[in-house]
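Asks: Generate a structure from the sequence data that follows.
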Amino acid sequence: MPTVSSRGDAMRGLAVFISDIRNCKSKEAESKRINKELANIRSKFKGDKTLDGYSKKKYVCKLLFIFLLGHDIDFGHMEAVNLLSSNKYTEKQIGYLFISVLVSSNSDLMKLIIQNIKNDISSPKPVHVNLALHCIANIGSVEMSEAFGQEVPKLLVSAHASASVKQSAALCLLRLIRTLPEAMTYAEWASRVIHLLNDQHMWLTAATSLIHTLSQLSPGDYKGCVSLAVSRLSRIVTSTYTDLQDYTYYFVPAPWLSVKLLRLLQCYPVPEEPAVRGRLVECLETILNKCQEPPKSKKVQHSNSKNAVLFEAINLIIHIDSEPNLLVRACNQLGQFLQHRETNLRYLALESMCLLAGSEFSADAVKKHRETVINALKTERDVSVRQRAVDLLYAMCDKTNSEEIVAEMLAYLKKADYAIREEMVLKVAILSEKYASDYTWYVDTILKLIRVAGDYVSEEVWHRVIQIVINRDDAQGYAAKTVFENLQAPACHENMVKVGGYILGEFGNLIAGDERSSPLVQFNLLHSKFHLCTPSTRALLLSTYIKFINLFPEIKPTIQNVLQNNNQLRNADVELQQRALEYSQLSSITSQDVLATVLEEMPPFPERESSILAKLKKKKPASVQVSLVGYHSPILAPSLLLVSLTVQMSLIRAYFSLFYQPTSIGYHLALFSPTYPLMHKTPVLLFMFKNSGVLFENALIQVGVKCEFKEQYGRVGLFFGNKTGNQLQNFAAAVSLAQTNPHNPQINVATQKEPPSQIDGGAQVQHFINLECISMFSGSPNLQLRCDFFTNYPAPQQVTLKLPVIINKFMEGVDMNSGDFFSRWKQLGQPTQETQKIFQARHPIDTEAARTKLTGFGMCALTNVDPNPENLVGSGIIKTKTSQIGCLLRLEPNKQAKMYRLTVRSSVGEAAALICSMLEEHF
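Replies: This next block holds a predicted model:
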């Protein structure tokens, strides 16, 4: 490298190095040049103890440039810290720049850095104070917040600090507050910070941002800022661009400060003082008036800055919501933007008008733009603007225009973007129900909705139409007739089959007088769709068939032939098999009176909150503007519709349990028989990452579990549910331990609440167990269940399950930095303390998913510890009564080979081997 003769601040050596890098013809040449330079810098830092500030600055700059090229830098940090002590601005500046970019918040040098920053904050030179404040804000760590949370406000309110220092202090304090809000004292500086709004210097954009955040965190302490903000806004708005020439941006006086002040005023209600309120209204009127004036420039910067102030003023007008004149004027102003050639303005106008539509003063003014919004829905190219148009149509809908708006939304739904179809379906369903004066129109609308967008019609929507039809006597006949006609279409969506099956099963008799919709025609029409449907829809259709037997006894033989067909009785789906068997027996051996009782018409549903509206709120809270006032239609949660079907199934099964012997239809099987087709037994290792779930289930009983663990203590709640209509007798649950030494148990078990000896049909009982981990263990305790299902069933039924009490449940994660982790890792270096396994990945290699599993396992997944960011490291302590067992883990993925190397080290070798074997199956 050429020698540098100049000692100026230009740093010719750095310029030459950058030039060499740019002239490299290949990546290899660049790496070679960088490695050469790194070796030279390293030798200078180690060998030359007399390096002056200029040389340190030059070499630190080179390291910074190399880092920005994407290479790791592992030295030079101390030299950069030494530059902070220099009295020269350029050297101090490079030191702070290096620290801000390369030094992490948990570095060992942080205490030394903080001390240098404290020295510079108290410096009489404003440039040094600014550099320190910038560094604090750039790092923005918790440690910085704790160290300078009380120092920075002093600079902000100091009478001797310059405007530039106050500006830097405001932004720095804002960053510290966002990092650690609880470390700040808001009330102590409130009055002095508020009065910064009276400062004659126009650095107030930074101060206003700070006051805005403080007002959100502590509104009571900073409410005095309202009058000062109005006063400052008035001075800006009423001035001309020549009055504030130094702060004017393309003929708009101080646009950024105006926007910040308008946002600040939205944190508080309307000022109560008449003078302040009148001045604020005057400011808003002036802003609206200025937007009507001819533009002073054709450049886009002028229109952007003017519109930014306008839209923020409109947001404040909407927030106030008590000035009818301002609200109507804002609506008219936004209406002019609906056809503007700029897409962003059209989007913002539609978004703001959605909010205006919710105000009683401006709702009528918004509705005047209905045709323009509908046209935008049809012709707009940008999908986001079309979506805002849908939101606005939804918000402006009322009884006078509901049919037109719903029709337009249905027409657009056919070609709407897939991303918004589900949301549109929910909105159409809500509007058609809320404003339905004639329920025949509502039924037509929902059925058309299913035809147009059946794939996007959720269960809540088709459940809802069934609920309304059942509760409205005047709509039942029309609904049966209309759904019958829709089912005759060659291509019929499955949701239409569900609606048709349910409605015809309840009200098919209302249209049976017409030979074109006779009972047999209805049945044949539904059954022609049977083979095309999913198992859940087929199960619903089977329920419809048994309803038909009750409604139309003349077609009973035809339906029985279907129910008794081998395709149903031997169906691979257990639910279909069970329904076909039970319905067949019910129709064959019961009297017509009993059949009519079991299969009577569904009663009206109780009123509840709209499940459709709740789903829309969850999907997109800001878009829901329809009020539930006057929403008198009976509303039901979607799950209740399924419950109603389940209740009828329970009645049928209860009927069998009362009147027939166990062997008559093969219904009564052994409770815990391993051959029972509905049995589900969860492996205990699946509970490694969760503390609750279903431990065992078949068609007769369900065993649920919920666990809580803290340190060496645990509490296990067991829930036994009888899924049948019969009583379980002589029920008992006992926990046994596979102890290696009975005199020195590894786990202590104490029963807190025993389950009752009898469980009624459909009931659930609880059983609680307290645990204490005494020492390291492997395996899990056993849960032995025993009961008699029938009084005349001679053999008691029993099963043994594994409780999800595993050693990792007593583990607590420990947060460690890189130095502590690898220091402890080296201490656990004995061969007996380490277990390592290399295995093929059983799932796609996903770092975030693996991190989540480690956390669920009980370890603390550490970040910024391993030099390779793809590797995962974790640490935890297994807490027992007799000892605490430290465990460290390192998981190294090889994405190319799709393999893992898992290494676990522990102070107890048995724990390392056990954890390694447990985790191997889950990566």
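Asks: So the residue nearest to Arg579 when sequence neighbours are not counted versus Ala912, what's the distance?
Replies: If the residues on either side of it in the chain are set aside, Arg579 comes closest to Leu542, at 4.7 Å by C-beta to C-beta, 6 or more residues apart in numbering. The way it works is simple: take the backbone N, C-alpha and C, and place the C-beta from them, glycine included. Taking C-beta to C-beta, to the nearest Å as the criterion, Leu542 is separated from Ala912 by 56 Å.
Asks: Just confirm the residue nearest to Arg579 contacts Ser584, I think it does.
Replies: No - with contact defined as C-beta atoms under 8 Å, Leu542 does not reach Ser584; the gap is 9.9 Å.
Asks: what touches both of these two?
Replies: Leu563 (C-beta atoms under 8 Å, 6 or more residues apart in numbering).
Asks: In PDB, list the C-alpha atoms belonging to the helix or strand in which Ser145 is found.
Replies: Element membership of Ser145 [criterion: DSSP states H and E] is helix 142-148. The C-alpha atoms that make up helix 142-148 are tabulated as PDB, following Å, rounded to 0.1, in the frame of the first residue of the first chain:
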ATOM      1  CA  VAL A 142     -31.900  -1.300  28.600                       C
ATOM      2  CA  GLU A 143     -28.600  -0.500  30.200                       C
ATOM      3  CA  MET A 144     -28.500   2.800  28.400                       C
ATOM      4  CA  SER A 145     -32.000   3.600  29.600                       C
ATOM      5  CA  GLU A 146     -31.100   2.900  33.200                       C
ATOM      6  CA  ALA A 147     -27.800   4.800  33.000                       C
ATOM      7  CA  PHE A 148     -29.100   8.000  31.300                       C
END
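Asks: mind listing what's buried in it?
Replies: Along helix 142-148, these residues count as buried under the neighbour rule (16 or more other C-beta atoms under 10 Å): Glu143, Met144, Ser145, Ala147, Phe148.
Asks: can I assume the last one is in contact with Gln115?
Replies: Read it as Phe148. No - if you go by C-beta under 8 Å, Phe148 and Gln115 don't touch, sitting 11.9 Å apart.
Asks: Got phi/psi on Phe689?
Replies: phi -110, psi 10 (degrees, to the nearest 10).
Asks: Please report how far the residue nearest to Arg579 lies from Ala734.
Replies: Leu542 sits at a distance of 41 Å from Ala734 (criterion: C-beta to C-beta).
Asks: Now do the helices in the stretch 751-900 of the chain.
Replies: 818-827, 847-857 (DSSP state H, counting those that start in this stretch).
Asks: packing partners for the first one?
Replies: Think helix 818-827. Using 3 or more C-beta pairs under 8 Å, 6 or more residues apart in numbering; DSSP states H and E, the elements in contact with helix 818-827 are strand 872-879, strand 884-894.
Asks: Could you work out which of those reaches nearest to Cys24?
Replies: Between Cys24 and these, the shortest separation by C-beta to C-beta is 31.5 Å, and it involves strand 884-894.
Asks: Show me where the chain dips below the pLDDT cut-off.
Replies: Judged against pLDDT under 70, the low-scoring parts of the chain cover residues 1-10, 202, 241-243, 607-685, 699, 738-743, 753, 789-796.
Asks: Break it down into its domains, please.
Replies: The chain breaks down into these structural domains: 202-320, 329-396, 684-805, 809-921 (assignment by the TED database).
Asks: tell me which element Val705 falls in.
Replies: Using DSSP H and E, the element containing Val705 is strand 701-710.
Asks: Pull out the buried residues from that strand.
Replies: Buried residues in strand 701-710 (16+ other C-beta under 10 Å): Ile701, Gln702, Val703, Gly704, Val705, Cys707, Phe709.
Asks: about what we covered before: can you say which of the helices of the stretch 751-900 of the chain is nearest to Glu554?
Replies: Proximity to Glu554 (C-beta to C-beta) singles out helix 847-857 among the helices of the stretch 751-900 of the chain, at 59.2 Å.
Asks: contact partners of that closest one?
Replies: Among residues not part of helix 847-857, those counted as contacts by C-beta under 8 Å, 6+ apart are 688-690, 808, 811, 813, 843, 861, 870, 872, 874, 889, 891, 893, 919, 922-923.
Asks: which of the residues you listed count as buried?
Replies: Using 16+ other C-beta under 10 Å, the buried ones in the contacts of helix 847-857 are Met688, Asn808, Met811, Gly813, Ala861, Leu872, Gly874, Leu889, Leu891, Pro893, Leu919, Phe923.
Asks: And for the closest residue to Lys414 other than its chain neighbours, the neighbour number?
Replies: Nearest residue to Lys414 in three dimensions, chain neighbours excluded: Val452, at 5.6 Å (C-beta to C-beta, 6+ apart). Counted with other C-beta atoms under 10 Å, residues neighbouring Val452 total 18.
Asks: quick one: Ser518 from Glu554, how far?
Replies: 9 Å.
Asks: the more surrounded of these two?
Replies: Shown here are Ser518 and Glu554; by other C-beta under 10 Å, Ser518 has more neighbours (17 against 11).
Asks: got the contact list for the closest residue to that one other than its chain neighbours?
Replies: The shortest distance from Ser518 to any residue other than its chain neighbours is 6.1 Å, reached at Ala512 (C-beta to C-beta, 6+ apart). Contacts were defined as C-beta under 8 Å, 6+ apart; by that measure Ala512 touches Ser518, Pro519, Gln522, Leu551, Phe552.
Asks: For Ala512, give me phi and psi.
Replies: Here Ala512 shows phi and psi, under degrees, to the nearest 10, equal to phi -70, psi -20.
Asks: separation between it and Ile555?
Replies: Distance of Ala512 to Ile555, given as C-beta to C-beta: 10 Å.
Asks: what residues are shared contacts of the two?
Replies: With C-beta under 8 Å, 6+ apart applied, the overlap between the contact sets of Ala512 and Ile555 consists of Pro519.
Asks: and Arg464, how far is that from Met409?
Replies: 17 Å.
Asks: got it, and Thr240?
Replies: With the distance defined as C-beta to C-beta, Thr240 ends up 47 Å from Met409.
Asks: Mind checking which of those two has more residues around it?
Replies: When Thr240 is set against Met409 and neighbours are counted by other C-beta under 10 Å, the residue ahead is Met409, at 24 against 10.
Asks: Tell me the helices and strands packed up against whatever helix or strand the more buried one lives in.
Replies: Assigned by DSSP H and E, Met409 belongs to helix 402-413. Helices and strands in packing contact with helix 402-413 are listed as helix 370-379, helix 383-396, helix 418-434, helix 439-453; criterion 3+ C-beta pairs under 8 Å, 6+ apart.
Asks: Am I right that Lys118 is in a helix?
Replies: Yes - looking at Lys118 with DSSP: H, G, I helix; E, B strand; the rest coil, it is inside a helix.
Asks: pretty sure it contacts Glu151?
Replies: Yes - the criterion here is C-beta under 8 Å, and Lys118 meets it with Glu151 at 7.5 Å.
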